[in-house]
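# here is a sequence with its predicted model. Questions after.
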Amino acid sequence: MTRTAIATSPAGPPDSHGYRLVSLTAPSYSAENRTVEAVLSSGTRVNRGFGLEELAISAEAIDLSRIAANLCPLLNAHNRFDIGAVLGIVESARIEGGQLLGRIRFADTAAGREAEGMVARGELAGISIGYAVRTWQRVEVTDDDSEVWRAANWELLEVSLAPVPADPTSFIRSEETDVTRTLSSTPTNPAAAPLAPAEGERALAPPAPATAAPPARDAVSARAIMTAVRNAGLDVAAADELIATHEDAPFTRDGLTAEIGRRYAARDSGAVTRNAVSPYPQHGGAEQLRTRMEGALFARLAGRTPDDASREFMGASMTSMARGLLEARGENVRWLSDGQVMERAMNTTSDFPTLLMGTGNRYLLDVFQAASSEIKAVARQRTARDFRDITIAKLSQGGLLDKVGENGEIHFGSFSEGKETYRLSSFAKIFALSRQAIINDDLGAFSDPLRLMARAAAETEAQELAALLEANGGLGANMGDGKSLYHAGHGNKAVAGGAIDLAALSAGRQAMRDQKDADGVTPMNAVPKYLLVGTANETLAEQQVAQLAAAQSDQVNPFTGKLIPKVDPRLSGNAWRLFADPAVCPVIEYAYLESAPGPQLVSREGWNVLGMEFRVINDFGCAAIDWRGTYYNAGQ
């Protein structure tokens with residue numbers, strides 16, 4: 001039989017760490033950006049309690065979603081339960097040359113600046129990654145009967161600064177999830193191979209191998225047992241059991257490693273352990289559980305009926321949800337107080353901040369859309385890639401296509417940049433959700449600020465849009481030609497003000513249809529679709545477009561079904577305006593940043609408060625870009 005020879009370390013038995021020590025790329029440190037590049041993993045095989053482990057390095061194998069959501073922190077030695085241990089954040093990651101590379105940005109805190117200085121001076125270069133394995137593959141058995149297991153699908157959870165390599169008896173892994181196991185190739189030692197699970201069956205994660213008794217060693221101390229249990233993330237009950245066993249039959253170092261490896265693998269797989277099973281198996285894992293909780297929390301905030309999948313969580317408090325999410329990740333929080341649960345849940349590697357973020361964004365956009373100004377209906381929306389000037393391109397010559405003969409030449413059209421430009425601006429506010437409010441399940445402390453923030457974002461946009469129309473005494477903002485939006489020279493302004501009636505509307509419609517394109521010849525034929533008024537003319541506008549039961553043809557309302565009234569209270573006086581369909585003949589344009597169409601909610605652990613801090617930011621800009629698709633009447 002052919003076996004692959006794998007060299008093992010003679011220093012001690014193989015460990016079962018859930019992190020890997022890697023190193024920073026020192027020359028990549030940027031003092032200006034306060035960032036440094038790191039080799040997060042190269043997938044090298046390492047010793048574990050169950051054999052040899054290797055990490056698959058590919059875009060398909062690695063889940064980097066926490067980085068995209070700004071939830072992958074830089075920690076101090078895997079300390080997930082102290083906000084002071086957060087040293088920064090992993091900004092981005094990429095796969096290059098068979099390695100997982102990442103860029104780390106240090107936090108602007110005392111701890112973050114201290115760690116940054118040590119890295120910059122070359123005093124600290126080692127880092128360690130924490131990850132959760134979802135799918136294992138057994139790939140071979142070596143000449144010395146060591147099984148080689150590949151983490152075929154795994155999630156990067158956090159990155160830690162590590163001053164020294166980990167103790168060989170530690171078994172740290174930042175988070176755990178249910179895993180499945182597949183056999184990718186037939187082992188060279190079939191007799192030693194565990195049976196592959198049947199289709200749809202859940203199998204254990206790589207178990208500690210049953211090997212011959214290790215060489216005699218000095219018995220370990222009770223302190224070493226406690227350290228190993230703590231590092232492995234096992235509970236106090238496990239420590240008590242191991243120490244009691246140790247008093248009757250002292251553990252050797254090899255024996256302790258094998259026993260903790262067995263317990264760790266059992267917990268990692270969600271398999272039955274002392275008549276206990278992994279919580280919430282019916283929800284399909286922590287991610288699906290969080291999605292269902294999010295649906296229930298949103299339904300409670302918005303006062304809506306939840307879907308069937310979320311209905312069972314409608315009565316659950318936020319603390320209960322946090323406890324459930326931690327348990328679904330394999331953490332034993334059964335005997336922790338609500339305060340202790342929230343301290344763990346609000347850690348950046350937890351699912352609870354993601355739950356609040358997902359719910360908050362849904363509720364924020366829901367309220368924002370309901371509160372948005374009706375001026376947006378007459379405007380065209382677009383996106384911008386960045387904050388540079390947005391320039392409107394226009395056809396500078398001829399609004400017609402040229403006729404081309406059988407062998408005729410096709411001529412280039414001539415375009416030029418218009419004079420109307422604008423750019424995005426950022427509007428933002430911060431609010432906090434205290435730990436006490438979460439423990440008290442005070443949803444109002446979360447929903448009230450979100451509702452106010454959403455209305456504030458909608459009001460900010462509405463005022464920016466209304467200002468374009470209200471400028472120059474209601475004649476609109478100045479255009480690139482030096483004239484206001486509504487001007488006699490533009491042919492879109494009534495000579496004298498008049499009330500909304502059939503004659504005035506007909507005059508406005510004719511003026512819009514008779515508008516000429518940039519060449520001064522081609523008719524625009526802009527058809528009015530919207531009648532925009534302030535609150536003083538709302539009733540009259542509705543009457544003028546209402547359906548009438550006419551007895552004679554001259555009593556028929558020609559604008560019924562053709563003209564839609566829109567009202568905004570920020571428009572003053574009796575003035576009224578007609579607008580064409582913005583998709584055909586846009587007059588006003590507004591834009592959002594490409595990656596964030598509308599207000600966005602971002603969170604972090606509170607620095608100035610015990611709880612969570614939330615930032616609402618809206619990148620928005622607007623401008624009047626053309627005068628040909630609108631008409632103004634000052635009213636009376």
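Now that the structure is in, tell me what you want to look at.
# so, low pLDDT: which residues of the stretch 101-250 of the chain?
163-219, 223, 230-236 (pLDDT under 70).
# can you give me the helices in it?
Assigned by DSSP state H, counting those that start in this stretch, the stretch 101-250 of the chain shows helices spanning 110-120, 222-232, 236-248.
# and the strands in the stretch 101-250 of the chain?
126-141, 147-161, 180-183 (DSSP state E, counting those that start in this stretch).
# can you say which of those is packed in most?
strand 147-161 (a mean of 23; mean count of other C-beta atoms under 10 Å). Heads up, the C-betas are built off the backbone N, CA and C, glycines and all.
# ok now that strand, how far from the chain's centre?
Counting by C-alpha atoms, centre = their mean, to the nearest Å, strand 147-161 is centred 22 Å from the centre of its parent chain.
# just checking, what's the longest helix in the chain?
helix 444-474 (DSSP state H).
# give the buried residues for it.
By 16 or more other C-beta atoms under 10 Å, the buried positions in helix 444-474 come out as 445-447, 449-451, 453-454, 456-458, 460-462, 464-466, 468-470, 474.
# likewise stretch 528-537?
Quick answer for stretch 528-537 (16+ other C-beta under 10 Å): 528-534, 536-537.
# of the residues you listed, which is the nearest to N618?
Distances from N618 to the buried residues of stretch 528-537, taken as C-beta to C-beta, are shortest for L532 (23.2 Å).
# so which helix or strand takes in the closest one?
L532 belongs to strand 528-533 when assigned by DSSP states H and E.
# ok, that strand: who's next to it in the sheet?
Applying DSSP bridges, strand 528-533 is found paired with strand 564-567 (parallel), strand 576-580 (antiparallel).
# what secondary structure does M612 sit in?
strand (DSSP: H, G, I helix; E, B strand; the rest coil).
# what distance do you get for the nearest residue to R570 once chain neighbours are set aside to Y632?
Nearest residue to R570 in three dimensions, chain neighbours excluded: A466, at 3.8 Å (C-beta to C-beta, 6 or more residues apart in numbering). According to C-beta to C-beta, to the nearest Å, A466 stands 14 Å off from Y632.
# farthest pair within the buried residues of stretch 528-537?
Of all pairs in the buried residues of stretch 528-537, the most separated under C-beta to C-beta is K529 and A536 at 21.9 Å.
# just the helices in the stretch 401-550 of the chain please.
435-439, 444-474, 502-513, 538-544.
# okay, those helices in a markdown table with mean pLDDT next?
As requested, those are arranged in a markdown table below (pLDDT from 0 to 100):
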| stretch | mean pLDDT |
| --- | --- |
| helix 435-439 | 80 |
| helix 444-474 | 92 |
| helix 502-513 | 94 |
| helix 538-544 | 91 |
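# between those helices, which one is nearest to L364?
The nearest among the helices of the stretch 401-550 of the chain, by C-beta to C-beta, is helix 444-474 at 5.0 Å.
# so how far is that closest one off the chain centroid?
Remark: helix 444-474 is offset 24 Å from the chain centroid, using C-alpha atoms, centre = their mean.
# what's the closest of the strands paired with strand 528-533 to R388?
strand 576-580 (28.1 Å).
# ok, and the closest non-adjacent residue to I225?
Using C-beta to C-beta, 6+ apart, the nearest residue to I225 is L242, at 5.2 Å.
# so how far is R334 from the one you found?
19 Å.
# repeat for M453
36 Å.
# tell me which of the buried residues of stretch 528-537 is nearest to P569?
G534 (6.7 Å).
# how many neighbouring residues does the nearest residue to the closest one once chain neighbours are set aside have?
Spatial nearest neighbour of G534, excluding adjacent residues (C-beta to C-beta, 6+ apart): L571 at 3.7 Å. With neighbours defined by other C-beta atoms under 10 Å, the count for L571 comes to 24.
# circling back to that earlier point, the more surrounded of L242 and R334?
L242 (21 against 10).
# S30 and V36 touch, don't they?
Yes. Between S30 and V36 there is a contact under C-beta atoms under 8 Å: 7.2 Å.
# of those two, who's got more company?
V36 (24 against 12).
# got phi/psi on the more buried one?
phi -150, psi 150 (degrees, to the nearest 10).
# what's the distance between A38 and L74?
Taking C-beta to C-beta, one finds A38 at 9 Å from L74.
# intersection of neighbour lists for those two?
104, 159 (C-beta atoms under 8 Å, 6 or more residues apart in numbering).
# chain neighbours aside, what residue packs nearest to L505?
F559 (5.9 Å).
# same check on N633?
Spatial nearest neighbour of N633, excluding adjacent residues (C-beta to C-beta, 6+ apart): A494 at 4.2 Å.
# burial count for that neighbour?
19.
# which ones are touching it?
Here A494 is in contact with 504, 507-508, 631-634 (C-beta under 8 Å, 6+ apart).
# L465 now?
Applying C-beta under 8 Å, 6+ apart, we find L465 in contact with 373, 375-376, 379, 588, 590, 622.
# pick out the residue closest to the middle of this structure.
The residue lying closest to the centre of the chain (C-alpha atoms, centre = their mean) is A69, at 4.0 Å.
# that one touches T354, doesn't it?
Yes. Between A69 and T354 there is a contact under C-beta under 8 Å: 6.6 Å.
# now the strands of the stretch 101-250 of the chain as JSON lines including distance to M524?
Below are the strands of the stretch 101-250 of the chain laid out as JSON lines (distance: least, C-beta to C-beta, whole Å):
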{"stretch": "strand 126-141", "distance to M524": "59"}
{"stretch": "strand 147-161", "distance to M524": "55"}
{"stretch": "strand 180-183", "distance to M524": "63"}
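# which among those is found nearest to P523?
Judging those by C-beta to C-beta, what sits closest to P523 is strand 147-161, at 60.1 Å.
# for the stretch 451-600 of the chain, what are the low-confidence residue spans?
In the predicted model of the stretch 451-600 of the chain, residues 547-556 satisfy pLDDT under 70.
# what do you get if the cut-off is 50, keeping everything else the same?
550, 553 (pLDDT under 50).
# possible to save the helices of the stretch 401-550 of the chain as TSV with distance to Q137?
Formatted as TSV, the helices of the stretch 401-550 of the chain follow (distance: least, C-beta to C-beta, whole Å):
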stretch	distance to Q137
helix 435-439	40
helix 444-474	43
helix 502-513	68
helix 538-544	67
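# among those, which is nearest G130?
helix 435-439 (24.3 Å).
# by contact count, what packs against the closest one?
For helix 435-439, the elements it packs on are helix 318-328, helix 338-345, strand 611-624, judged by 3 or more C-beta pairs under 8 Å, 6 or more residues apart in numbering; DSSP states H and E.
# give the partner strands of the longest one in its sheet and their orientations.
Strand 611-624 sits in its sheet next to strand 425-434 (antiparallel), strand 588-593 (antiparallel), strand 600-605 (antiparallel), going by DSSP bridges.
# give me the angle between the last one and helix 444-474.
Put plainly, it is strand 600-605. Using axes from the mean of the first three to the mean of the last three C-alpha atoms, to 10 degrees, the inter-axis angle of strand 600-605 relative to helix 444-474 is 140 degrees.
# how far off centre is strand 600-605?
For strand 600-605, the gap between its own C-alpha mean and the chain's C-alpha mean amounts to 10 Å (C-alpha atoms, centre = their mean).
# got a list of contacts for it?
70, 83, 86, 346-348, 353, 356-357, 360-361, 364, 450, 612-618.
# which of the residues you listed count as buried?
By 16+ other C-beta under 10 Å, these give 70, 83, 86, 346-348, 353, 356-357, 360-361, 364, 450, 612-614, 616-618 as buried.
# related to what we said a few turns ago, looking at the contacts of L465, spot the one nearest G255.
Closest to G255, out of all of these and judged by C-beta to C-beta, is Y590, at 68.9 Å.
# surely the closest one is in contact with Q381?
Yes. Proximity of Y590 to Q381 meets the contact threshold set by C-beta under 8 Å, at 5.9 Å.
# thinking again about what came up before, tell me the contacts of the residue nearest to L505?
502, 505, 544-545.
# try it again at 10 Å.
Residues in contact with F559 (C-beta atoms under 10 Å, 6 or more residues apart in numbering) are 502, 505-506, 509, 528, 531, 544-546.
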